[in-house]
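Could you look at this predicted model? Sequence included:
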Amino acid sequence: MTVHERWPMVFSYYNKLSASQKRTYLKSDAIPSIPLSSSDDLKPIIPALQSALLEQDRASAERLCRQIGKGITDALAIPPLRVRVLAARPTGSWGELHGLYEPAEGRASAVITLWMRTAKHRRVVAFRSFLRTLLHEICHHLDYELLLLEESFHTQGFYQRESSLFHQLVEGENEKKEGL
């Protein structure tokens, strides 16, 4: 059975990976979720983050993102990370950068950088996109620190883990009530 028969969505770059990288990719792809025992503790932060974005309050958005990151890393007993929220997204011929994960180096903590405004129009990023970007970058941290993967690939499993975190923090009923 080939990889293409086992998974309906194998990204094209898979075929260019080394044998070791393919093993890491397949390990990542096989993990669809990260259960959070503390998701109920983090849920009250979500509407506050939405309000901070609507109010264009960068400092509050950064503080709340740090709380979410700390809550997740504490719950999973993994090394902490730092979160920065900056103004407008950087842009180039490659497009706009939504978020950036920089792994820990030496004794320094890993860093997540998010941007709360679009590059072209300088509008505040939609809340769901902003939260998903935060969780996406946290998933890179989880790949290295929780799952102990050699590399953090964008696999189908990676995106499923991101979605699993999102749905644990944003429940269906609260989603409707809060307009999330």
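Looks like it arrived, so ask away.

Quick one: residues contacting Ser152.
Contacts of Ser152 were listed using C-beta atoms under 8 Å, 6 or more residues apart in numbering, and they are Ser28, Tyr101, Cys139, His140, Asp143, Tyr144, Phe158. C-beta here means a position set from N, CA and C on the backbone, and glycine is covered the same way.

right, and the fifth one touches Lys27 too?
If I follow you right, that is Asp143. No - under the criterion of C-beta atoms under 8 Å, Asp143 makes no contact with Lys27, lying 9.7 Å away.

Neighbour count for the two, which is higher?
Taking other C-beta atoms under 10 Å, Asp143 and Lys27 do not tie; Asp143 has more neighbours (25 against 17).

Let me see the mean pLDDT of the helix or strand harbouring the more buried one.
Using DSSP states H and E, Asp143 falls within helix 127-145. Averaged over helix 127-145, pLDDT sits at 97.

Against which helices or strands is it packed?
Judged by 3 or more C-beta pairs under 8 Å, 6 or more residues apart in numbering; DSSP states H and E, helix 127-145 is in contact with helix 45-54, helix 58-75, strand 81-88, strand 99-102, strand 110-117, helix 156-169.

Could you tell me which residues touch both of Asp143 and Lys27?
The contact sets of Asp143 and Lys27 overlap at Leu149 (C-beta under 8 Å, 6+ apart).

Tell me the spacing between His98 and Ala30.
Taking C-beta to C-beta, to the nearest Å as the criterion, His98 is separated from Ala30 by 26 Å.

With neighbour numbers in mind, choose between these two.
Per other C-beta under 10 Å, whichever of His98 and Ala30 has more neighbours is His98, with 20 against 12.

Not counting its neighbours along the chain, what's nearest the more buried one?
Nearest non-adjacent residue to His98, counting by C-beta to C-beta, 6 or more residues apart in numbering: Thr133, 4.7 Å away.

For the one you found, the count of nearby residues, please.
22.

what do you get for Thr91?
13.

mean confidence for the helix or strand harbouring Arg23?
Taking DSSP H and E as the criterion, Arg23 maps to helix 19-29. Helix 19-29 carries an average pLDDT of 94.
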